[in-house]
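Visitor: need a structure here:
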Amino acid sequence: MSSSDASLHRQAETLYAEHHSWLAGWLRRRMGGEEAAADLAQDTFVRILTARETPALLEPKAFLATIARRLLANHYRREAIERAYLDTLASLPETLAPSPEERRQVLETLCAIDRALDALPAKAREAFLLAQLEGMKYEDIALRLGVTTRTVGNYMVRAVQACFFAQEHSA
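Guide: Down below sits the predicted model:
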């Protein structure tokens with residue numbers, strides 16, 4: 001372990017010892033559940049431990065809350081994706097319903113694609129969603145976004161690549 005890794009590890013230990021119970025309580029109030037809040041508190045500290053570096057912390061609670069808010073947003077987004085997927089499955093005839101393993105794999109892929117799209121620039125993400133969910137043509141998307149049709153094509157290539165690689169990594 002290098003000296004910078006050891007320093008980061010000590011800093012994370014100190015943060016954990018001094019602020020874990022505060023963070024777990026903070027998350028519990030926002031989530032209304034002990035178990036999920038404890039999981040997200042742990043995930044917050046795992047993020048710190050796996051970071052390459054941690055900035056000098058003048059406000060450690062604000063730092064932890066920022067990381068936890070991001071994880072909380074991801075948690076709620078995953079729940080929304082899962083709910084939408086399960087609602088869709090509920091409308092299928094039982095004979096077409098996927099196995100639990102297939103459901104898990106599809107849900108993981110959907111979440112990976114959601115993360116990939118979220119990492120795209122806003123206009124690229126919007127162009128992709130307008131084309132895929134609204135069925136809009138490139139020309140109409142270009143007018144709506146105030147860009148050229150060629151730019152919409154470039155956005156679509158980026159988005160499709162992001163989805164492809166997200167799916168590859170989730171498989």
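Visitor: how's the chain carved up into domains?
Guide: Under the assignment automatic domain parsing, the domains of the chain span 1-97, 100-171.
Visitor: Any idea how many residues pack against Leu133?
Guide: 8 (other C-beta atoms under 10 Å). Every C-beta, even on glycine, is put in place using the N, C-alpha and C of the backbone.
Visitor: With Glu102 instead?
Guide: Neighbours of Glu102 (other C-beta under 10 Å): 10.
Visitor: follow-up on the earlier one: most tightly surrounded among the domains of the chain?
Guide: Highest mean neighbour count among these (mean count of other C-beta atoms under 10 Å): domain 100-171, with a mean of 15.
Visitor: element containing Leu117, please.
Guide: Using DSSP states H and E, Leu117 sits in helix 100-118.
Visitor: quick one: average confidence on the next helix or strand after that helix?
Guide: Remark: after helix 100-118, the chain's next helix or strand is helix 122-133, criterion DSSP H and E. What helix 122-133 shows for mean pLDDT is 94.
Visitor: Check which helices and strands helix 122-133 sits against.
Guide: Judged by 3 or more C-beta pairs under 8 Å, 6 or more residues apart in numbering; DSSP states H and E, helix 122-133 is in contact with helix 100-118, helix 138-145, helix 149-170.
Visitor: Contacts for the first one next, please.
Guide: In this case it means helix 100-118. If you take C-beta atoms under 8 Å, 6 or more residues apart in numbering as the criterion, helix 100-118 is touched by 74, 77-78, 81-82, 85, 89, 98, 125, 128-129, 159, 162-163, 165-167, 169-171.
Visitor: pLDDT at Asp118, what is it?
Guide: 88.
Visitor: ok, it to Ala166 distance?
Guide: Going from Asp118 to Ala166 by C-beta to C-beta, to the nearest Å gives 10 Å.
Visitor: ditto for Ile113
Guide: Distance of Ile113 to Ala166, given as C-beta to C-beta: 5 Å.
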